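In: I need the structure of the sequence given here:
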Amino acid sequence: MMAGARLPPWNPCVKNWFDHILFHIRAQPEAPAMAMEDRAVTYGMLKDAVARCARRIADVNLDRQGPVAVLIRNPIRHLTVCLALFRLGIQAVSLEHKQSGIRRRKFSVVLGDREAAGAVDADNRLVEVTDEWFAVDLPGSEVVGTGFTDPAQVCRVSLTSGSTGTPKTVEHSVADFGVRIVGFIDVNWERVLCLPGLSSNSGFKTCCAALATGRTVCFAESPYQAMRMIELFAIDFVKASTEQLLALTRVARKTGAEPRSLRTIWVGGSVPTRTLLEAALTHLCTNILCRYSASETGLVAQATAREILSLSRPGLVGRIVPGVEVGIFAADGRRCAEGETGRVKICSSTGSAAPRTSDAGEYWIDLDDLGRVDSEGRLYLLGRASDASGAELSPVYEIEHILRLEWDVSDAAAVLVDDAAAGKSPQIWIGVVDNQGGSAEQLAAILRSRGLQYPLRLFDLPAIPRGSNGKVIRHQLKALMIDAVVKAAGVLTAAPALER
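Out: Numbers count the residues shown, from 1 in each chain. Alright, predicted model coming up:
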């Protein structure tokens, strides 16, 4: 699409968001719909591929009672198959090959690539999606099916809660998903680089929003490739998780890249730190919007990076958006007053995603985060309820980001250990991958220059346990470190016996 081209207005009377994608497929067949570094797919090519995949799916004779899982590594093909399922009126759920928790789940059928067989339970029926699905027309290749006819029908299922390692199921109706997409309509951008995976609600929603508004959605396989694509395709909008923004910022710092086309970044996920936001504003883009969302309800709070930095309040994620009610609850179920710390919950008008109901008939969705709300309607997070300790933001986020931006390590993550494993006083335990000779003393000196003073302990690990969008699974990380401590202690106690 030519820069500055006018897009047709979003019609709020259309209750099925897929109709907007169909409009652009017909109206601009030569315009680029999706791109990777080495390939591009036009809206016309997308139209043909969706029709071919829909015909193949119709021939599979699916059980429509449960969601159909899509497990395809190539994001262009993955999204195409998901759109074909929507075209047929079949619920879909997107999976990642290394996504935790999916081996124990049963699906109607799994549409996957060659690598999919080892990623899901063997009892699932697996249908391999081959090259022919996208390139070869079947005889009598008219699309079979009428699609979703009721806006209240569930069209998509997402498995969320990647930072806990225990996915939970969230259902999305046609109308609900359309409401999520509306937030992208008035954003001034032409090409979006979508870094969150399609298994996340954020990633899939971003891609569908791009196609439903006639833009181009781009995909990258690594932070280095992402930076090359920003410069190559003049990408002006990036959607990223906090971890992905950190990785992209690190690449820009190391390579000296200057992404001049980049005008806007939306970042969501874990707590944005001062270290990260200052670096991203310097090396990537001066317009960064921090967004805190829930898979069940959508956007909860947001603020610009500059606002967060100017207020200088640790844990601030943004102002609660209109129409959203956030409640902070104590361990005994009591609703906390302003400024008190407790579990973050969101009030919902329906109970489909909420296991807990109040006496007043309200449904409160527990987001598994610990936080507080101030008198100005600003939301602060201390971290996951299972990870956070005390009433203040854990220092591990800031330390983690300083380490990954200042040190040349492949990956690193930290946990605050304040139990018997740490001894008499709390410690910061840091797992490091491919440590090039760095020591705890060197890191401590860097932290002291930033006003942070904590006892540190470094652990060399083969990998950091992360969810599908890069969130650290901290209870697994801590378990790895404790295991290393136990093994080291065993070696030490066994040594004298060997000497004797």
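
In: can you list the neighbours in contact with the host helix or strand of Tyr380?
Out: Tyr380 is located in strand 378-384, with elements delineated by DSSP states H and E. With contact meaning CB atoms under 8 Å, 6 or more residues apart in numbering, strand 378-384 is reached by 163-164, 270-271, 292, 300-301, 303, 311, 313-320, 326, 341, 344, 368-374, 388, 390-394, 396-397, 474. C-betas here are computed from N, CA, C, even on glycine.

In: check which element follows that strand along the chain.
Out: Towards the C-terminus, the helix or strand next in line after strand 378-384, according to DSSP H and E, is helix 396-406.

In: that next one packs against which elements?
Out: Taking 3 or more CB pairs under 8 Å, 6 or more residues apart in numbering; DSSP states H and E as the contact definition, the neighbouring helices and strands of helix 396-406 are helix 242-255, helix 274-283, strand 411-417, strand 427-433, helix 440-449.

In: Throw the ones you listed into JSON lines and include mean pLDDT, mean neighbour count and distance to Ile230, thanks.
Out: Converted to JSON lines, these look like this (pLDDT from 0 to 100; neighbours: other CB atoms under 10 Å; distance: least, CB to CB, whole Å):
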{"stretch": "helix 242-255", "mean pLDDT": "94", "mean neighbour count": "22", "distance to Ile230": "9"}
{"stretch": "helix 274-283", "mean pLDDT": "95", "mean neighbour count": "20", "distance to Ile230": "12"}
{"stretch": "strand 411-417", "mean pLDDT": "87", "mean neighbour count": "24", "distance to Ile230": "22"}
{"stretch": "strand 427-433", "mean pLDDT": "89", "mean neighbour count": "22", "distance to Ile230": "26"}
{"stretch": "helix 440-449", "mean pLDDT": "86", "mean neighbour count": "14", "distance to Ile230": "29"}
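
In: pipe those into CSV and attach distance to Ala58 per row.
Out: Putting the helices and strands packed on helix 396-406 into CSV (distance: least, CB to CB, whole Å) gives the following:
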stretch, distance to Ala58
helix 242-255, 36
helix 274-283, 46
strand 411-417, 43
strand 427-433, 45
helix 440-449, 57
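
In: and the contacts of strand 378-384, which of them are in strands?
Out: Using DSSP state E to define strands, the subset of those located there is 292, 300-301, 303, 316-320, 326, 344, 368-373.

In: just the buried subset of the contacts of strand 378-384, please.
Out: With neighbours counted by 16 or more other CB atoms under 10 Å, these contain buried members at 163-164, 270-271, 292, 300-301, 303, 314-320, 326, 341, 344, 368-373, 388, 393-394, 396-397, 474.

In: show me what contacts the closest residue to His78 other than its chain neighbours?
Out: Closest residue to His78 in three dimensions, ignoring its sequence neighbours and counting by CB to CB, 6 or more residues apart in numbering: Ile72, at 4.1 Å. Contact analysis of Ile72 by CB under 8 Å, 6+ apart lists His78, Val81, Leu111, Gly112, Asp113, Ala116, Val129.

In: also Ser108?
Out: For Ser108, the contact set (CB under 8 Å, 6+ apart) comprises Leu62, Asp63, Arg64, Gln65, Gly66, Pro67, Val68, Ala69, Arg125.

In: Leu62 touches Leu111, doesn't it?
Out: No - counting by CB atoms under 8 Å, no contact exists between Leu62 and Leu111, whose distance comes to 9.3 Å.

In: higher neighbour count, the two?
Out: Taking other CB atoms under 10 Å, Leu62 and Leu111 do not tie; Leu111 has more neighbours (28 against 18).

In: relative to Ala220, how far out is that one?
Out: As for Leu111, its distance to Ala220 is 24 Å (criterion: CB to CB, to the nearest Å).

In: same deal with Val170?
Out: Using CB to CB, we find Val170 at a distance of 26 Å from Ala220.

In: between those two, which one's more packed in?
Out: When Val170 and Ala220 are compared for neighbours, Ala220 comes out ahead with 23 against 20, by other CB under 10 Å.

In: so the more buried one sits against Pro75, correct?
Out: No - under the contact definition of CB under 8 Å, Ala220 does not touch Pro75, with a separation of 9.3 Å.

In: who touches both of those two?
Out: Met36.

In: how about low-confidence regions in the stretch 1-150 of the chain?
Out: Confidence mapping of the stretch 1-150 of the chain against pLDDT under 70 gives the ranges 1-15, 65, 100-104, 140-145.

In: for it, which segments count as helices?
Out: Counting by DSSP state H, counting those that start in this stretch, the stretch 1-150 of the chain has these helices, from start to end: 18-27, 43-59, 75-88, 132-135.

In: got the CA positions of the third one in CSV?
Out: What that stands for is helix 75-88. Extracted as CSV, the C-alpha positions of helix 75-88 are listed here (Å, rounded to 0.1, in the frame of the first residue of the first chain):
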residue,chain,number,x,y,z
PRO,A,75,3.4,-17.5,11.0
ILE,A,76,2.0,-16.7,7.6
ARG,A,77,0.8,-20.2,7.1
HIS,A,78,-0.4,-20.5,10.6
LEU,A,79,-2.6,-17.3,10.3
THR,A,80,-3.9,-18.4,6.9
VAL,A,81,-5.1,-21.7,8.4
CYS,A,82,-6.8,-19.9,11.3
LEU,A,83,-8.6,-17.6,8.9
ALA,A,84,-9.8,-20.6,6.9
LEU,A,85,-11.2,-22.2,10.0
PHE,A,86,-13.0,-18.9,10.8
ARG,A,87,-14.3,-18.9,7.2
LEU,A,88,-15.8,-22.3,7.9
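
In: got a list of contacts for it?
Out: With contacts defined as CB under 8 Å, 6+ apart, helix 75-88 is touched by 18, 21, 34, 36, 39, 41, 46, 49-51, 53-54, 57-58, 68, 70, 72, 91-92, 94, 111, 113, 129, 133-134, 143-145, 147-148, 155-156, 197-198, 204, 207, 219.
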